[in-house]
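A.B. asks: Let's see this in three dimensions:
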Amino acid sequence: MWRSLVRGTEWRQIVDLASPSFFDVLPGKALRRATGTLSKAWFDRDGFAEARAHRAETLDRADLGVRLGEPEAHGAIDRETRGQRLLALYFHQLYAGGPVLLDLRPERFEAGIEQLRWNPKPLWYRFDEDFLGAMREIYAGFYAGDDARFEAGLDRVDLRCAEGTFLQHFGAEDQRAVAFDVASFTETFHQTFLSCRDGGASLHRDFVPLGLYLATLYVHLEELGGTFDVRAAFDRIASV
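C.D. replies: Got it, this is the predicted structure:
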């Protein structure tokens, strides 16, 4: 039902990236709760304003070269710099706390004189803190080469079946030169969620907004082209 609502809209490309098996793995109640929360947030103007204000404050403090709002004047930011800032923004939102603005699509960004200006649509979500804690453990364990920490994070969200996904998506071989390909993203997640489904896993509802967040990231980075240093972006945000 939720997928049919966005068919023919600007979100069709993003939602079409979701694997059908992903919707099979999530319990129906959890899926309805997550999509219902996203739908409600879309129409909550006051809530979105508060979420934007909070994120504007954390971005000002973090000094990532990304600011919310329209640029005062247009400039030029090269491909590599834009991509690295986008990756840092992705990790920043997962670590800085508060509601996460999920819309990282390329058309929502403009280059200012020095800042990349971001004007997302009201697709936002307040992640469960236990879920976020697990995701932080997964990323920290991966980039620190700490297998025990990495696997503990996966176990916290019943995601051991998806271990290969994280290794592939963020550069198992060369974390400093990762190419982002939407088709590969879709196929890898499809196979992963099939494995989870067949193994009897029941995934957390917050994988719905996380999947949308990752999809918008991949669409943007694929459009930019080339490779990006994901480890440097992570290290800039988090203390491993």
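
A.B. asks: so who does the residue sitting furthest away from the middle of the chain touch?
C.D. replies: The centre of the chain is farthest from one residue, residue 73, which by C-alpha atoms, centre = their mean lies 28.2 Å away. Applying C-beta atoms under 8 Å, 6 or more residues apart in numbering, we find residue 73 in contact with 112-113. Yep, even glycine has a C-beta here, placed from its N, CA and C like the rest.

A.B. asks: Tell me the spacing between it and residue 112.
C.D. replies: Noted for residue 73: a distance of 7 Å to residue 112, by C-beta to C-beta, to the nearest Å.

A.B. asks: Same question for residue 197.
C.D. replies: Noted for residue 197: a distance of 45 Å to residue 112, by C-beta to C-beta.

A.B. asks: swap in residue 216?
C.D. replies: Noted for residue 216: a distance of 21 Å to residue 112, by C-beta to C-beta.

A.B. asks: Look at the two and report which has more neighbours.
C.D. replies: The residue with more neighbours, out of residue 216 and residue 112, is residue 216; 24 against 19, by other C-beta atoms under 10 Å.

A.B. asks: and the more buried one, what helix or strand is that in?
C.D. replies: Assigned by DSSP states H and E, residue 216 belongs to helix 207-224.

A.B. asks: The residue farthest from the centre of the chain falls within a helix, correct?
C.D. replies: No. With DSSP: H, G, I helix; E, B strand; the rest coil as the criterion, residue 73 is assigned coil and is not in a helix.

A.B. asks: pLDDT value on it, please?
C.D. replies: The model reports residue 73 with a pLDDT of 84.

A.B. asks: What residues of stretch 42-61 count as buried?
C.D. replies: 47-48, 51-52, 55, 59 (16 or more other C-beta atoms under 10 Å).

A.B. asks: same question, stretch 123-134
C.D. replies: In stretch 123-134, residues buried by neighbour count (16+ other C-beta under 10 Å) are 123-127, 131-132, 134.
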